[in-house]
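*Asks:* Below are the sequence and a predicted model for it; my questions follow.
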Amino acid sequence: MIRSFSVGPIGENVYIIENPGAPLVIVDPGAEPDRILSEALAAIARSSAPSVIVALTHGHLDHVAGLPGLLSGFAAAGTEVKTYAPEGDRDYFGERAKATNERVFTSIGAMAFFRKHWIDMPEADVYFGHGFSFPGTDVVALHTPGHTRGSSCFLAESASSLMAGDTLFRDGRGRTDNFDADEATIVHSIRERLCPLHDAVRVWPGHGEQTTIGHEKRYYR
């Protein structure tokens, strides 16, 4: 089961994937960590999840700013949690995180957002690549670079749902005006990694409303 809700000033979508007895998966905790924690603890109680996986599609601040507060909340609750981030986005975490995000938000003229929402970002526990399977779940990572070098999507629910991050939106795709982004690369990622998926695959984007692969792939023929 996938639960979704929007957080933060620019409506970033958070997804919680719960299945009985399996680790709970939280995708992209971009803001409002207390709200995410409350939703997650309720899901853990419902599903008897033994642990929590926080899976990040990419490192941009609007998708990760809630991470430190969320981890603190899980620690206080005594909940086991691991954080997973794309290998190509290592510079968005740990010691290099602030400079990397500052460079991004300077390039798009959004330093007010950066100054208001920046919080020190920990290293991820695990950095993953294409085809990585999240332990104890049926969630699989697809490397779809273009929005960032490491940008990834997550196939879930027996490959019937796709958490698309900022790679694919309804009638659109992620912006490519950052220093580590590239328009030709994101188009290639969508054509080669996402369009071959079944038309009925439900797409859950990082912002905005849901769509399907069948609806979107007509733009990439």
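*Replies:* Good, I have the coordinates.

*Asks:* residue closest to the middle of this structure?
*Replies:* Averaging the C-alpha coordinates of the chain gives a centre point, and the residue nearest to it by Cα atoms, centre = their mean is Thr57 (3.1 Å).

*Asks:* what's the distance between that one and Ser158?
*Replies:* Applying Cβ to Cβ, to the nearest Å, the value for Thr57 to Ser158 is 20 Å. (C-beta placed from N, C-alpha, C; glycine too.)

*Asks:* same question, Gly109
*Replies:* Using Cβ to Cβ, Gly109 is found at 42 Å from Ser158.

*Asks:* again with Gln210
*Replies:* Distance, Gln210 to Ser158, by Cβ to Cβ: 18 Å.

*Asks:* Those two: which is more packed in?
*Replies:* Just comparing Gln210 and Ser158: by other Cβ atoms under 10 Å the higher neighbour count belongs to Gln210, 15 against 7.

*Asks:* In contact with that one, which residues are there?
*Replies:* Contacts of Gln210 were listed using Cβ atoms under 8 Å, 6 or more residues apart in numbering, and they are Arg170, Arg202, Val203, Trp204.

*Asks:* Can you pull out the residues in contact with the host helix or strand of the third one?
*Replies:* This points to Val203. Counting by DSSP states H and E, the element that carries Val203 is strand 202-205. Contacts to strand 202-205, defined as Cβ under 8 Å, 6+ apart, come from residues 2, 4, 13, 15, 160-166, 168-170, 210-213, 216.

*Asks:* Which elements pack onto the longest helix along the chain?
*Replies:* For the chain, the helix that runs over the most residues, judged by DSSP state H, is helix 33-47. Taking 3 or more Cβ pairs under 8 Å, 6 or more residues apart in numbering; DSSP states H and E as the contact definition, the neighbouring helices and strands of helix 33-47 are strand 2-7, strand 12-17, strand 24-27, helix 67-77.

*Asks:* Put together JSON lines for those, with distance to Thr185 on each row.
*Replies:* Output for those, formatted as JSON lines (distance: least, Cβ to Cβ, whole Å):
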{"stretch": "strand 2-7", "distance to Thr185": "27"}
{"stretch": "strand 12-17", "distance to Thr185": "22"}
{"stretch": "strand 24-27", "distance to Thr185": "22"}
{"stretch": "helix 67-77", "distance to Thr185": "26"}
